[in-house]
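K.L.:
No sequence on hand, only this structure:
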């Protein structure tokens, strides 16, 4: 079958996109507010970027949800590449605030009251994105409010997203499969009696010696995060996963750990960029409406501040930096382990 010629405008559906701006102030009988067009286009651009981030995130979850992820082939490279694309898009979202801030508070007041009760807080795509990344309902700021302004169909989409596997959940399973500190590397006899893993025993001793007196409570946290067998319902990453993540951070110079480290670092950067976007949004809201409530009925900047402080999805990864030690003091690894993590010729 012969392919029909593709026309630029038809392919991009430009007739729908360019005609999709319907400012409230432009309606008959009202005084047109010039900056409302900018306001609409900026928010439409945000929603398109949210769609792309969701597309990338869903694909990464699908890859990491496979029975076996080939870390030595294209799977992990694809995951890292797509998540790094997400961080780049998030940087664009932060930069778009610069354009919106060319609108003055008086410009905004020309049409603000016409928008009630619409609000950016009603972005169901963004809530789905948070859920897919791994933000749990119990960790949300303003639980009583976060879906109260939405239509039932959109609430259903969010609840469905909250019931599906998450990126941080897939990360936990992937980290638990990391074989680098398998006990067979240290003990040749399968049934050999052992009380503690030699690597973590040595590491804990070095780490404890590096702490200032005021930091000694970190030893208790170390045991709780890395060594306890009991599942901590307050945490998403298991002790086994945390051990693997810390090991990756410590020995990231080995070729086999380069991509795993990039994955962890990129997830931390996603959190940082989302926090930067919220921070810019907070400052913009304060500049535009001061202490007034949002058009959707929220507390405005106060709500955004609470969400920024609480919605760090990959916080457990970034907190592992508290347990790093000087690279010159790292425990020596068995030769058969370093051979696995080096280049194979």
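P.N.:
Yep, it's here. This structure is a prediction, so every number in the text was calculated from the model and none was measured. Numbers count the residues shown, from 1 in each chain.

K.L.:
List the buried residues in the helix or strand containing residue 271.
P.N.:
Applying DSSP states H and E as the criterion places residue 271 in helix 255-289. Using 16 or more other C-beta atoms under 10 Å as the test for burial, helix 255-289 gives 256-257, 259-271, 273-278, 280-282, 284-285, 288-289. Bear in mind the C-beta positions are built from the backbone N, C-alpha and C, glycine included.

K.L.:
Could you give me the buried positions within the helix or strand bottoming out on mean pLDDT in the chain?
P.N.:
In the chain, no helix or strand scores lower on mean pLDDT, DSSP states H and E than helix 301-310, which sits at a mean of 72. Buried residues in helix 301-310, counting neighbours by 16+ other C-beta under 10 Å, are found at 301, 302, 303, 304, 305, 307, 308.

K.L.:
before we move on, back to that, for the helix holding residue 271, give the mean pLDDT please.
P.N.:
Averaged across helix 255-289, pLDDT comes to 92.

K.L.:
ok, now stretch 225-233?
P.N.:
80.

K.L.:
Span of that stretch from start to end?
P.N.:
In stretch 225-233, first residue to last residue: 12 Å (C-alpha to C-alpha, to the nearest Å).

K.L.:
how distant is that stretch from the center of its chain?
P.N.:
23 Å (C-alpha atoms, centre = their mean, to the nearest Å).

K.L.:
Tell me which residues of it come out buried.
P.N.:
For stretch 225-233, by 16+ other C-beta under 10 Å, it's 225, 226.

K.L.:
any residues touching it, and which ones?
P.N.:
For stretch 225-233, the external contacting residues (C-beta atoms under 8 Å, 6 or more residues apart in numbering) are 200, 224, 235, 238, 239, 242, 243, 246, 323.

K.L.:
rerun that using 6 Å as the cut-off
P.N.:
Here stretch 225-233 makes contact (C-beta atoms under 6 Å, 6 or more residues apart in numbering) with 239, 242, 243.

K.L.:
show me the contacts for the second one.
P.N.:
With contacts defined as C-beta under 6 Å, 6+ apart, the neighbours of residue 242 are 225, 226.

K.L.:
any idea of the mean pLDDT for the helix or strand where it lies?
P.N.:
Assigned by DSSP H and E, residue 242 falls within helix 239-250. Averaged across helix 239-250, the pLDDT comes to 94.

K.L.:
quick check: angle from that helix to helix 255-289?
P.N.:
Angle, helix 239-250 to helix 255-289, by axes from the mean of the first three to the mean of the last three C-alpha atoms, to 10 degrees: 100 degrees.

K.L.:
chain center to helix 239-250: distance?
P.N.:
Distance, stretch centre to chain centre, for helix 239-250: 19 Å (C-alpha atoms, centre = their mean).

K.L.:
for the stretch 101-250 of the chain, which spans come out with low pLDDT?
P.N.:
179-195, 231 (pLDDT under 70).

K.L.:
same thing but at 80, please
P.N.:
141-145, 179-196, 229-233 (pLDDT under 80).

K.L.:
show me where it has helices.
P.N.:
105-109, 124-133, 152-163, 167-176, 198-210, 217-222, 239-250 (DSSP state H, counting those that start in this stretch).

K.L.:
the inter-axis angle of the last one versus helix 198-210?
P.N.:
Computed by the same axes, to 10 degrees, the angle separating helix 239-250 from helix 198-210 equals 70 degrees.

K.L.:
one step back: kindly reformat the buried residues of helix 301-310 as TSV containing distance to residue 12.
P.N.:
Below are the buried residues of helix 301-310 laid out as TSV (distance: C-beta to C-beta, whole Å):
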residue	distance to residue 12
301	36
302	40
303	36
304	33
305	38
307	34
308	35
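
K.L.:
Serialize the helices of the stretch 101-250 of the chain to a markdown table and add fields for distance to residue 51.
P.N.:
Compiled in a markdown table, these are given as follows (distance: least, C-beta to C-beta, whole Å):
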| stretch | distance to residue 51 |
| --- | --- |
| helix 105-109 | 26 |
| helix 124-133 | 6 |
| helix 152-163 | 13 |
| helix 167-176 | 17 |
| helix 198-210 | 44 |
| helix 217-222 | 39 |
| helix 239-250 | 30 |
